[in-house]
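1. Sequence and predicted model, in that order:
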Amino acid sequence: MRCTLPALILLLGACLLPAPAQAAPVRIGSKQFTESVILGELALAGAREAGVAAVHRRELGGTSILWRALLEGEIDAYPEYTGTLTQELLKGMPADADIATLRARLQPLGIGITDSLGFSDTYAIGMRDDVAARLGIKDISDLLQHPELRFGFSNEFMDRGDGWPGLRRRYGLPQTNVSGLDHTLSYRAVASGAVDAIDLYSTDAEIPYYHLRTLRDDRRYFPRYEAVYLYRLVLDRSAPAFVGVLHKLTGSIDEEAMRAMNARVKLRGIKENVVAADFLGIHADGHDGGLWPHLLQRSAEHVKLVAISLGLAMLLAIPLGILAARLRRLGQWVIGLTGVLQTVPSLAMFVFMIPLLGIGTWPAIAALFLYSLLPIVRNTHAGLVGIAPELRESAAALGLPPGVRLRRVELPLAMRSILAGIKTAAVINVGTATLAALIGAGGYGQPILTGIRLDDVGLILQGAIPAAVLALLVQGLFELIERWLTPRGLRLEARQ
Amino acid sequence: MPTAEFSGGIAFALEQAGKRYGKVRALEQVSLTFAAGTTTALIGSSGSGKSTVLRLLLGLEWPDHGHVEVDGQPLQRSDVLPLRRRVGYVIQEGGLFPHLTALGNLALLPRHLGWNRERIRQRAEQLAALTHLPVGVLERYPAELSGGQRQRVALMRALMADPDALLLDEPLGALDPVVRHELQDELKQIFDQLGKTVIVVTHDLAEAAWFAERLVLLRQGAVLQDGTFRDLRDRPADAFVSRFVAAQRRLPEAL
């Protein structure tokens, strides 16, 4: 009985420590939308062709995650757009700054920038062609005549300086029915008539597919969004061949070519690596392993995230709970503080980890670890505080020292409550860990992210179903552990 | 604390001891001595401070003023663990740990003291004989025991390490009359047989008089009268003592 809890902690914690780093490959990042992933795959395929070891950390959430990861040296390169640099990432830049100006500005940050890849993927406002024709809308200014129109904008567009707030000011747009949508869902929303206008990118594959009309930016509001690669300048020395690959891609992709590549991936379901290889005229490297190997790998990643974070959380949270039960004043603080952690939105929590721990498995584990603390601390505390005073006193009156009382009497009596806390933390962790894919930790979140991006329900289910099954398994496992660890006498007592 | 042998148990004393819980005065300026090897019953209604006396003697509580003496020495915080091991303590309903079998409850302190399994079992069987508990009952959990069995196991747990004193706080309070009567007989026998310092807390005057020659009647944290049952009955210190004695006389056997 006395050694089972530590054993359980070890069992959970001992899972898979990180493999030692080999000769570091170049790490390419991409954002969580198809074009970015394709550009990432292009850089990857080019690198392999040039004999440079490289990995692609795909779909790493939004701009801020990639930019911070690049600055922190967590990734070495990623595709970006000049407009995003001038409007969002670099403060006080004119919207029309050219690439030479940007290069000078980025250099002190240790960041290099290539020339334009050959296309501009600018923001545009799109409407269904038939609706726009009926209302006689061609330019963005024409929207002024139709204040009743409903807009559905991506969350990023809603918030950023070069997005909706600025657009509304520039044109004096009167519309008030504006809702936030995931960009990948907004096409379906506009096509079904749920909203009348959406933000889109000028190279989006869906524009012809959904018969959309892009409205002319007659007051030249949207800045140019030339596609470029950003990379860490240390690569000039450590991987000059890779920098060469990036520069060789400049000027080679026009808007048409990009839209075609986007369409092949998004509308025809061809893998990004194949599309990229076709564009470069080489054979696609790396083969699709099929469903089962993928599932196995994701399961391993997911279980690792949950097990390590939970194991570490138990190591800290159980002692914290014991401490909180011993020292009432401190206990209030400890429980309050872990409660505050719980209120941090999970996506924000993952992003906060990047400057501290970079991207990948460990920051995800850190975030999940923090989330696991509260249920375990609170239940440990509640279990110990809930012990009948006469039992606690009987143990004291026997002449047992406090440590022995804790081990032999108090912890066994609080065991059920503690285990319930661990179970809660574990089940929550299984769900929250699906978000870890956003910062490159893999797991069941990866197919969900890709599935949302490609509007592929099958792919989403490949992540969602195993995650649900895992949650049930964890629940069942803990019920077994509970039965095994709960002293028989307590079960008898509960039955009375 | 001196570690000399005390054939006749431990001598306890309270010197001007007072204790408050928030605004409630549990005990004020109480001085009492309990000679080694004697049996004393503390009586009074609930809230009179009689349980607080036991808790002070065990170092489960500390007096706000005054002090506790054990064998003539003031009790220090560093003394409480060795003291508690020399004192058996039994509370109402036993205070048995529900996650351990009866034997597990008995073994808790002896195991910590380094006794081996065989010695623990032998001692448990010896005490089972003393308290008339069938040995098979030792394998059961508290939830599987009757009230009387639980109280017997609690008494055995208190006696495991052969303490020099026994402090019992309403040990029979939660039992039905028949079992209670039976256990009163047994306890009395055990007290006489062992010759330890015994302090029993009860609100039942007849039970107190059955166990002990000396009765101490407390009310609102103060000692009202300290004497024999006869003293209380024939020379009550005040009207309350009379009322307390009178209330008890309504028992059938007193009519």
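-> Arrived safely. Residues are numbered from 1 along each chain as shown, chains lettered A, B, ... in the order given.

2. Mind pulling up the pLDDT for the nearest residue to residue A:489 once chain neighbours are set aside?
-> In this structure, residue A:489 finds its nearest non-sequential neighbour in residue B:141, 3.7 Å apart by C-beta to C-beta, 6 or more residues apart in numbering or on different chains. For every residue, glycine as well, the C-beta is placed using N, CA and C. At residue B:141, the model reports a pLDDT of 93.

3. Please apply the same query to the one 4 residues further on.
-> Residue B:145 is assigned a pLDDT of 92 by the prediction.

4. What is the neighbour count of it?
-> By other C-beta atoms under 10 Å in any protein chain shown, 19 other residues sit near residue B:145.

5. cool, residue A:332 as well?
-> Neighbours of residue A:332 (other C-beta under 10 Å): 11.

6. host element of it?
-> Assessed by DSSP states H and E, residue A:332 sits inside helix A:328-343.

7. Mind giving me the packing neighbours of that helix?
-> With contacts defined as 3 or more C-beta pairs under 8 Å, 6 or more residues apart in numbering or on different chains; DSSP states H and E, helix A:328-343 has these neighbours: helix A:291-326, helix A:361-385.

8. Report the angle between the first one and helix A:328-343.
-> What that stands for is helix A:291-326. Computed by axes from the mean of the first three to the mean of the last three C-alpha atoms, to 10 degrees, the angle separating helix A:291-326 from helix A:328-343 equals 150 degrees.

9. how far out from the middle of the chain is helix A:291-326?
-> When C-alpha coordinates are averaged (C-alpha atoms, centre = their mean, to the nearest Å), helix A:291-326 and its chain have centres 18 Å apart.

10. Which helix or strand lies directly C-terminal to the lengthiest helix in chain B?
-> As assigned by DSSP state H, the longest helix anywhere in chain B is helix B:177-194. Using DSSP H and E, the helix or strand that follows helix B:177-194 towards the C-terminus is strand B:197-202.

11. In terms of secondary structure, what does that following strand contact?
-> Packing contacts for strand B:197-202, counted by 3+ C-beta pairs under 8 Å, 6+ apart, involve strand B:39-43, helix B:50-57, strand B:165-169, helix B:205-211.

12. So in that sheet, which strands flank the helix or strand hosting residue A:56, and in what orientation?
-> According to DSSP H and E, residue A:56 maps onto strand A:54-57. Paired neighbours of strand A:54-57 in the sheet (DSSP bridges): strand A:26-29 (parallel).

13. Helix or strand for the residue of the stretch 51-200 of chain A at minimum distance from chain B, just tell me which one.
-> Nearest residue of the stretch 51-200 of chain A to chain B: residue A:61, at 47.6 Å (C-beta to the nearest C-beta). Using DSSP H and E, residue A:61 sits within no helix or strand.

14. which ones are touching it?
-> For residue A:61, the contacting residues are A:31, A:32, A:347, A:350, A:351, A:438, A:439, by C-beta atoms under 8 Å, 6 or more residues apart in numbering or on different chains.

15. and of these, the nearest to residue B:86?
-> Nearest to residue B:86 among those: residue A:350, at 58.5 Å, using C-beta to C-beta.

16. Going along the chain, name the helices of the stretch 1-150 of chain B.
-> Assigned by DSSP state H, counting those that start in this stretch, the stretch 1-150 of chain B shows helices spanning B:50-57, B:80-85, B:102-112, B:117-130, B:147-159.
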